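Asker: build the 3D model from these lines:
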Amino acid sequence: MKPTWDVCALGCVCWDTVGTVTEYPGPDEKASLGALVQQGGGRAGTAAAAVAALGGSVRIFGRLGDDDFGTQIVAEFARQNVDTGGLDIVAGESSQYAFCVAHEQTGQRMIFYKHGSAERLTADDVDLDALTDCRCLLVDSHHPGAAIAAAQTARERGVPVVLDAERPQDELGELLACIDYMVLPRSLVEQLGDGDEARGIAELMGHSPKALVITRGAAGCDVHTADGHFHQPAFTVPKVIDTTGAGDVFHGAFAYFVSQEYSLAETVAFASATAALSTTALGGRGHLPSLSEVKSLVYGLGSTCSN
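Answerer: Have a look, this model is predicted:
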């Protein structure tokens, strides 16, 4: 049976306030905010929005409260054509919130967040048939119990699984064992290798993924497979405004291009271009590029991609 969705995304959804400063203040100092916007956030949430912007069909799975933030989160997903049938809204609980401050000159950011009071999803809380009714499953590590169950089920059913993880946690090893595409920041790879990136790579490749993608921000990313490795340079955009959410956008785009059966090299290139374009506006969802924008950037740099 044909899957309903290109991508199903399971993980963190939240509400963001994003502002800019010319300089970060020191202790006991103040700084005037420049631009200020509010929008949805969260790793899986922003990834799902990126899929929709590229033209993909996507359903988001997560948990939030029935507070004002939760109402705004759901409303924005509706505007962005992200299906919210997988969201568990808990009465009387609060949703996760983040305040992000971007440096106007560099686009680098600081993030302050507060977890919502709604408990994490477990394996018993999710509909595994619904979660795997897709061409690609994206999970982050926010709901580890649910993510492990979903990834295991997807693997059994031949659905490729993409992982977004930020830091070591108790359940990470079990989750890594059922992942096809590990898309991880350099900092986590180093931590898993006790400060040695090469050791971290060896440990991760021991789980036999189809690919390990190590993201390095402005330095691009490195891709490791059983057959070797290659480097994908970052794409250049006219001006970086804010890097908030760029990694989330990368993950969403990566999952989308996997769902469309692009080659690994094409998937990484197109995901890199999508993430680069997202940094040209304030907030993780300030600019979610269309597929035509992404293709223009990739082909404009002489790519040999054929899709």
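
Asker: how about stretch 144-163: buried residues?
Answerer: Neighbour-count burial for stretch 144-163 flags 144-155, 159-163 (criterion: 16 or more other C-beta atoms under 10 Å). Any C-beta I mention is one placed from the backbone N, CA and C, and that applies to glycine too.

Asker: cool, and stretch 52-70?
Answerer: Residues of stretch 52-70 classed as buried: 52-54, 56-67, 69-70 (neighbour count, 16+ other C-beta under 10 Å).

Asker: residue ranges with poor pLDDT in the chain?
Answerer: 301-307 (pLDDT under 70).

Asker: which of the buried residues of stretch 52-70 fall within strands?
Answerer: Among the buried residues of stretch 52-70, the residues falling in strands (DSSP state E) are 58-65.

Asker: so Trp5 makes contact with Asp133?
Answerer: Yes. Contact criterion C-beta atoms under 8 Å: Trp5 and Asp133 qualify, at 6.2 Å.

Asker: mind listing the helices in the stretch 151-300 of the chain by residue range?
Answerer: For the stretch 151-300 of the chain, applying DSSP state H, counting those that start in this stretch gives helices covering 172-176, 186-192, 197-205, 246-259, 264-278, 291-300.

Asker: same deal with the stretch 1-150 of the chain?
Answerer: For the stretch 1-150 of the chain, the helices defined by DSSP H, counting those that start in this stretch occupy 43-53, 68-79, 128-131, 144-156.

Asker: reformat those helices as a markdown table; add distance to Gln260.
Answerer: Formatted as a markdown table, the helices of the stretch 1-150 of the chain follow (distance: least, C-beta to C-beta, whole Å):
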| stretch | distance to Gln260 |
| --- | --- |
| helix 43-53 | 11 |
| helix 68-79 | 22 |
| helix 128-131 | 20 |
| helix 144-156 | 17 |
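
Asker: for Lys210, find the nearest of the ones you listed.
Answerer: Proximity to Lys210 (C-beta to C-beta) singles out helix 144-156 among the helices of the stretch 1-150 of the chain, at 11.2 Å.

Asker: nice, that's everything, thank you.
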